[in-house]
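Q: sequence first, then the predicted structure, then my questions.
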Amino acid sequence: MSDNIRKGEEFEKQCLKYLGLLGFENLRLTKNVNDQGADLIGKYGDSTYIFQCKKHKKKQGNRPVQEAIAAKTYYKASRCAIISESGFTKSAFELARPNYCILFTADEISDAVNSKHNFGDLIEGFNFPEYVTVEHDYDVIKRYEEIKAKIGHTPRNSDLDSTTRYHIKRIYGNLSNLISQLGDRPFSRRPTDNEIKNEYIRVKEKVGKIPTLADMELNSAFSRNCFSSYPFTKIQRDCGDAPNIQRGVSKAKLIRAFKELEQKLGRTPTLKDLDESGIYRASYYRNRWGNIDTFLKELGISRRNFKKQLSYDERELIIIYLLLKKIFEIRQDDKDFYLNHTVLEKLKFEENTFISPGTFSNRFESWKQFINYLDGDKATYFEKDLDKIILRLIEDQSDNNDND
């Protein structure tokens, strides 16, 4: 159970207790799942009430009012009410009054209990106007919420399909009116620091790595301007990540951070360790020392111990494969011989695997797809490319011999 759900259920139980003290009878909690918009139901005098209990930080808009009105009909209640810890928007009050929906803050309820008043005292002087039917398209609201959940932020007109835009315009006039009635924050407004932080975490989960500003621009509706008052490096630190860019980091700080990570891991960190777990990314060390080798040399660490993670593009992997294949074909009498996973795993260079079969699988999704990729004209093209490389190497070696 999430912390928010737990707190919500605790708030409902607290409201149940207070309403009982205010004189309600037959008061009970509805089921948490499919409650049809009602959290509590009970009788006061001759009237049956349903209650929604909202423990949220922001003011409640029209949506909970709409749900409470619908629940009143579903449970055949006389009236409905909402208890909010944060208050309500102006539009919520405008919709609630003609629909027999009473809006209370949690403080109003607790003050009434502490003053030993009853519920009748709370609603004294509240004149219910003649009932007015307010038209709402709940299918449109449902579609709006689906789009919002999918894109991860308040929808813009460009995020809506033409049918949804048409119905929003027909019922609410425009998207801004609907957003206001639902109590949402329009995308054009600057989000709060907490909203920016939550958006950073969402994008991080989506891209599967510590996001850069470029990642945020590609995957978020928040613009770069959002980070003027909440710097991106501070967001990363607040979320427990190493900042992508941090100015003025001294060599002493970088060395200390490297040794702390080494102590934490119990071994010499790799480039990947620095990027994923280090206080500073590998790029900081390259920028300060010119390259990783110079940094390692200063610390007395051999390149072999550091285990640099090499990255190959598709062309490089294909050339390596074809070169190894040529070498083995020269040494093998068996014409049916072919290079496979087992051969690659056994191929060593300075006691380490020369190139892992997984490198091919990761780049091409599987070893089989890599082999299939080389079928046909592609293999011929890369073999010609390899021949040119070999010829150039032979010429370079010949030139060196002539110079000697």
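A: Nice, thanks for sending it over. Just so it is clear, the structure is predicted and the values come from calculations on it, not from any experiment. Residues are numbered from 1 along each chain as shown.
Q: ok, how many other residues are close to the nearest residue to residue 75 once chain neighbours are set aside?
A: In this structure, residue 75 finds its nearest non-sequential neighbour in residue 50, 5.3 Å apart by CB to CB, 6 or more residues apart in numbering. Backbone N, C-alpha and C define where each C-beta goes, glycine included. Neighbours of residue 50 under the rule other CB atoms under 10 Å: 30.
Q: look up phi and psi at residue 50.
A: For residue 50, the backbone dihedrals (degrees, to the nearest 10) come out as phi -110, psi 150.
Q: could you number the chain from 320 rather than 1 from now on?
A: Understood, numbering begins at 320; the last thing we discussed is residue 369.
Q: if I read this right, it contacts residue 348, doesn't it?
A: No - in this structure, residue 369 is not within contact of residue 348 by CB atoms under 8 Å, at 11.5 Å.
Q: shared neighbours, the two?
A: Common neighbours of residue 369 and residue 348, using CB atoms under 8 Å, 6 or more residues apart in numbering, are residue 359.
Q: list the contacts for residue 349?
A: Residue 349 neighbours (CB under 8 Å, 6+ apart): 355, 357-360.
Q: list just the nearest of those to residue 434.
A: residue 359 (21.4 Å; CB to CB).
Q: am I right that the closest one is in contact with residue 335?
A: Yes - Residue 359 lies in contact with residue 335 (CB under 8 Å); the separation is 5.8 Å.
Q: between the two, which is the more surrounded one?
A: Neighbours per residue, other CB under 10 Å: of residue 359 and residue 335, the larger number sits with residue 359, 22 against 18.
Q: what's across from the closest residue to that one other than its chain neighbours in the sheet?
A: In space, not counting the residues next to it along the chain, residue 359 is nearest to residue 370; the distance is 4.0 Å by CB to CB, 6+ apart. In this entry, residue 370 is beta-bridged to residue 359, residue 400, by DSSP bridges.
Q: tally of neighbours for residue 370?
A: Residues lying near residue 370 (other CB under 10 Å) number 29.
Q: how much space separates it from residue 337?
A: Distance from residue 370 to residue 337, counting by CB to CB, to the nearest Å: 11 Å.
Q: show me where the chain has strands.
A: Using DSSP state E, the strands of the chain run over 344-348, 359-363, 366-373, 398-403, 420-424, 667-668, 671-672.
Q: nearest to residue 711, out of those?
A: Nearest to residue 711 among those is strand 667-668 (22.1 Å), distances taken as CB to CB.
Q: before we move on, the earlier item: quickly, which of the strands of the chain bottoms out on average pLDDT?
A: The minimum mean pLDDT among the strands of the chain belongs to strand 671-672 (a mean of 64).
Q: quickly note the distance from the nearest residue to residue 704 once chain neighbours are set aside to residue 710.
A: Nearest residue to residue 704, sequence neighbours excluded (CB to CB, 6+ apart): residue 638, at 6.7 Å. As for residue 638, its distance to residue 710 is 14 Å (criterion: CB to CB).
Q: any regions of the stretch 320-469 of the chain where pLDDT drops low?
A: Scanning the stretch 320-469 of the chain for pLDDT under 70 picks out the ranges 320-325, 350-354, 444-456.
Q: any idea of the pLDDT on the residue most central in space within the chain?
A: Nearest residue to the geometric centre of the chain (CA atoms, centre = their mean): residue 521, 1.3 Å. Per-residue confidence (pLDDT) for residue 521: 85.
Q: any idea how many residues pack against residue 433?
A: Counted by other CB under 10 Å, the residues lying close to residue 433 total 10.
Q: overlap in contacts, residue 359 and residue 335.
A: Residues touching both residue 359 and residue 335 (CB under 8 Å, 6+ apart) are 346-348.
Q: quick one: which of those has the most company?
A: Scoring these on neighbours with other CB under 10 Å, the highest-scoring entry is residue 346 at 19 neighbours.
Q: hmm, residue 436 is touching residue 340, no?
A: No - with contact defined as CB under 8 Å, residue 436 does not count as touching residue 340 (9.7 Å).
Q: do I have it right that residue 358 meets residue 370?
A: Yes - Residue 358 lies in contact with residue 370 (CB under 8 Å); the separation is 5.9 Å.
Q: tell me, what's touching those two both at once?
A: Counting by CB under 8 Å, 6+ apart, the residues touching both residue 358 and residue 370 are residue 334.
Q: still on that earlier bit, quick one: which of residue 638 and residue 710 has more around it?
A: residue 638 (17 against 10).
Q: so the more buried one versus residue 698, what's the distance?
A: 12 Å.
Q: for residue 538, same thing?
A: Taking CB to CB, one finds residue 538 at 37 Å from residue 698.
Q: residue 433 too?
A: With distances taken as CB to CB, residue 433 is found 84 Å from residue 698.
Q: same thing with residue 578?
A: 48 Å.
Q: the two - which one has more neighbours?
A: Counted by other CB under 10 Å, residue 578 and residue 698 do not tie: residue 698 has more neighbours, with 16 against 12.
Q: what sits against the more buried one?
A: Per CB under 8 Å, 6+ apart, neighbours of residue 698: residue 641.
Q: could you do residue 483 as well?
A: By CB under 8 Å, 6+ apart, the contact set of residue 483 is 459, 462-463, 466.
Q: ok, residue 511 - how many residues close by?
A: For residue 511, the neighbour count with other CB under 10 Å is 14.
Q: residue 559 too?
A: Neighbours of residue 559 using other CB under 10 Å come to 7.
Q: distance of it from residue 534?
A: Counting by CB to CB, the gap from residue 559 to residue 534 is 17 Å.
Q: do the same with residue 619
A: As judged by CB to CB, residue 619 and residue 534 stand 36 Å apart.
Q: same question, residue 711
A: As judged by CB to CB, residue 711 and residue 534 stand 39 Å apart.
Q: higher neighbour count, the two?
A: residue 534 (17 against 10).
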